[in-house]
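> Kindly generate the corresponding structure for this input.
(chains A and B)
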Amino acid sequence: AQSVTQPDIHITVSEGASLELRCNYSYGATPYLFWYVQSPGQGLQLLLKYFSGDTLVQGIKGFEAEFKRSQSSFNLRKPSVHWSDAAEYFCAVGKTSYDKVIFGPGTSLSVIP
Amino acid sequence: EPEVTQTPSHQVTQMGQEVILRCVPISNHLYFYWYRQILGQKVEFLVSFYNNEISEKSEIFDDQFSVERPDGSNFTLKIRSTKLEDSAMYFCASAPAVLGYEQYFGPGTRLTVT
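Numbering: from 1, shown residues only, chains lettered A, B, ... in the order given. I've put the predicted structure just below:
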């Protein structure tokens, strides 16, 4: 069965600092991987996705993620965090692009000025 | 840009009542889904629907839940007899039957059971 872990429940970074959110997945074949962001009381916004090809994917809002098959990881990065990036971040996995999506528990990001 | 819409945005109901949550998927999509997110928790898959039938459902999706595509545009989730623990945000999603396109999520319906 597919599963996703996000080891960090909560992360606090200073504005302008770099960010890395960790994600590990469990799936036998090549997964379809996603990162979503959710502001309080809001819906899910897709930041980026990996389906195949280049293992470094670029997303919206200056985010990028790298797929590492050997480590079963799909970590999210941003070189310089803005206060507006404070939100909940969910890593997710699917067997195909239209299979159910399995979400991780989320990482809450706080940004201090 | 086409989007998934959901109504209502917030529904309050009393325990034991039936509720119907409505979704309008993107028009040329063929896969439809419901997910739920209990406050402060992760998003959980409930059910997927394709070709007018359930293609997969989770353990959460028990007999008190049902889904329907009553016409060519709507996709509904019915909870027959709501419980306090059904209070959650319910997200609808849709996807085309083509590899390479992700699911598109609606804004959610917040269900409060009192």
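> hey, let's count contacts and neighbours off CA atoms from now on
Noted.
> can you give me the strands in chain B?
Counting by DSSP state E, chain B has strands at residues B:5-7, B:10-13, B:19-24, B:31-37, B:43-50, B:53-57, B:65-68, B:75-79, B:88-95, B:104-105, B:109-113.
> Enumerate the residues of chain B near chain A.
Within chain B, the positions near chain A by CA under 8 Å from any CA of the partner chain are B:31, B:33, B:41-45, B:48, B:95-103, B:105-108.
> distance of the residue most central in space within chain A from B:Gln17?
With distances taken as CA atoms, centre = their mean, A:Trp35 lies nearest the centre of chain A, 3.5 Å away. Remark: distance between A:Trp35 and B:Gln17 (CA to CA, to the nearest Å) = 36 Å.
> ok, back up a step: filter the residues of chain B next to chain A down to just the buried residues.
If you count burial by 16 or more other CA atoms under 10 Å in any protein chain shown, the buried members of the residues of chain B next to chain A come out as B:31, B:33, B:42-45, B:48, B:95-96, B:102-103, B:105-108.
> Would you mind listing what in chain A touches chain B?
Selection of chain A residues close to chain B by CA under 8 Å from any CA yields A:42-44, A:51, A:90, A:96-98, A:100-106.
> can you pull the contacts of the closest residue to A:Trp35 other than its chain neighbours?
Once flanking residues are discounted, A:Trp35 sits nearest to A:Cys91: 4.6 Å by CA to CA, 6 or more residues apart in numbering or on different chains. With contact taken as CA atoms under 8 Å, 6 or more residues apart in numbering or on different chains, A:Cys91 is in contact with A:Val4, A:Gln6, A:Cys23, A:Leu33, A:Phe34, A:Trp35, A:Tyr36, A:Phe103, A:Gly104, A:Gly106.
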